[in-house]
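Participant: coordinates only, no sequence provided:
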């Protein structure tokens, strides 16, 4: 059994026992969906004939399967329940590759409700992280149905800085190549608009923590490209934070961002740090969140960014700062409080996109 990542997808390869106990020929567990994640589950017995694995996609809730390694018969054991009248056949997922400006091809996972407007008329919700080699896989997210049922195209941009395409993909989006992360996100947006997935002027972008840095960077680089941006607990005062060695995480972060004591890294960080590049201009509608007890990105970092934005803000778009007085970096704890925070984000985005009305009764959002 082998769990691997290929073409930015998690998949499982299997070699059944052959003669004399030697492994037989490897085969990959197939999927009929273009974007998915398959992972090994608990298999306590080495000589078992059935292999247990988990499977999910943007349209398929997490499902545990067993696969017979000789006959390749597959049987479903358990599927994550979804409240309401959810039917995966009502949704379509895609995997597309967006050309980046330097010739790289950026994988993008997409999902939308059947019948959602294409031909350039649909609103787009685009998410990315893009740091620390952290891969964002196309797992099922029940809360995204609230967007999909309103006709929104949901996109995950697997930008450089993650490790979806291997170690080199990560290395090409860190230190003195960090701008590739920001450029990739922008190039994905332009590709999706150009290819008719999204309407110009109806694009929402969101990311948190280091993904919030991404949001801050694109707001300075291409503010006209986005209608609304949500930056959760964003790392936006890069130079100041990375120069403060009294912060416990700072010196460990030199491997990711560089040490600003070295002028090369200082100048490079200064060139993209969201706080340091705020200028007088019309920014998209923005909501910034932080937590009073955040030990990774202290609350005052996004707060001072918002304060500087307010000084230079032009136009009529709203700029909101929400400080959660009970939360840390990961938001509020508890099984259901995360959904309240997600609802707050979605309410802001949908309002800016002109989609605040409830979806049809046959397509209500699920919890």
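Facilitator: Perfect, I can see it now. Because the structure is a prediction, the values reported are computed rather than measured.
Participant: any idea how far the nearest residue to residue 226 once chain neighbours are set aside is from residue 356?
Facilitator: Spatial nearest neighbour of residue 226, excluding adjacent residues (Cβ to Cβ, 6 or more residues apart in numbering): residue 284 at 4.5 Å. Glycine gets a C-beta too; all of them are placed from N, C-alpha and C. Counting by Cβ to Cβ, to the nearest Å, the gap from residue 284 to residue 356 is 17 Å.
Participant: compare those two (neighbour count), which wins?
Facilitator: Comparing residue 284 with residue 356 by other Cβ atoms under 10 Å, the one with more neighbours is residue 284, at 23 against 13.
Participant: in this structure residue 166 contacts residue 5, no?
Facilitator: Yes - with contact defined as Cβ atoms under 8 Å, residue 166 and residue 5 form a contacting pair (7.4 Å).
Participant: the two: which is more packed in?
Facilitator: residue 5 (15 against 12).
Participant: beta-bridge partners for that one, please?
Facilitator: Listed beta-bridge partners, residue 5: residue 10 (assigned using DSSP bridges).
Participant: nearest residue to the residue positioned nearest the centre of the chain other than its sequence neighbours?
Facilitator: The centroid of the chain falls nearest to residue 128 when counting by Cα atoms, centre = their mean (3.5 Å). Distances taken as Cβ to Cβ, 6+ apart put residue 157 closest to residue 128, at 4.2 Å, once the chain neighbours are dropped.
Participant: burial count for residue 231?
Facilitator: Residues lying near residue 231 (other Cβ under 10 Å) number 29.
Participant: for the residue nearest to residue 128, what are phi and psi?
Facilitator: phi -90, psi 120 (degrees, to the nearest 10).
Participant: what's near enough to touch it?
Facilitator: 98, 106, 108, 126-128, 130, 184-185, 188-189 (Cβ atoms under 8 Å, 6 or more residues apart in numbering).
Participant: ok, what's across the strand from it?
Facilitator: With DSSP bridges as the rule, residue 157 is bridged to residue 108.
Participant: how close does it sit to residue 37?
Facilitator: Using Cβ to Cβ, residue 157 is found at 16 Å from residue 37.
Participant: now residue 135
Facilitator: Using Cβ to Cβ, residue 135 is found at 9 Å from residue 37.
Participant: higher neighbour count, those two?
Facilitator: Taking neighbours as other Cβ under 10 Å, residue 135 and residue 37 compare with residue 37 leading, 22 against 17.
Participant: any idea which element that one lies in?
Facilitator: Applying DSSP states H and E as the criterion places residue 37 in strand 36-40.
Participant: could you list every helix and strand in contact with that strand?
Facilitator: Packing partners of strand 36-40 (3 or more Cβ pairs under 8 Å, 6 or more residues apart in numbering; DSSP states H and E): strand 9-14, strand 50-57.
Participant: output the below-cut-off pLDDT ranges for the chain.
Facilitator: Along the chain, segments meeting pLDDT under 70 span 17-24, 117, 331-336, 358-367.
Participant: ok, now with 50
Facilitator: 362, 364-367 (pLDDT under 50).
Participant: okay, domains of it per the record?
Facilitator: As given by automatic domain parsing, the domain ranges for the chain are 2-79, 88-359.
Participant: tell me which of those domains sits most buried.
Facilitator: Greatest average neighbour count among the domains of the chain goes to domain 88-359 (a mean of 19), per mean count of other Cβ atoms under 10 Å.
Participant: distance from that domain to the middle of the chain?
Facilitator: How far domain 88-359 lies from its chain's middle: 8 Å, per Cα atoms, centre = their mean, to the nearest Å.
Participant: in the stretch 151-300 of the chain, which spans are helices?
Facilitator: Shown for the stretch 151-300 of the chain, the helices assigned by DSSP state H, counting those that start in this stretch span residues 167-171, 179-194, 210-221, 238-242, 254-257, 263-272, 300-312.
Participant: can you list contacts of the second one?
Facilitator: Among residues not part of helix 179-194, those counted as contacts by Cβ under 8 Å, 6+ apart are 96, 98-102, 104, 106, 108, 120, 124, 126, 128, 130-131, 153, 155, 157, 159-161, 172-173, 198-200, 203, 205, 214, 217-218, 221-222, 225-226, 271-272.
Participant: in strands only, show me those residues.
Facilitator: Residues of these located in strands (DSSP state E): 96, 98-99, 106, 108, 124, 126, 153, 155, 157, 203, 205.
Participant: tabulate those in CSV, adding columns for distance to residue 116.
Facilitator: Formatted as CSV, those follow (distance: Cβ to Cβ, whole Å):
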residue, distance to residue 116
96, 15
98, 19
99, 24
106, 22
108, 16
124, 11
126, 15
153, 7
155, 12
157, 19
203, 15
205, 19
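Participant: just curious, which of these is nearest to residue 313?
Facilitator: Closest approach to residue 313 among these (Cβ to Cβ): residue 205, at 17.9 Å.
Participant: how near is that closest one to residue 170?
Facilitator: For residue 205, the distance to residue 170 equals 21 Å [Cβ to Cβ].
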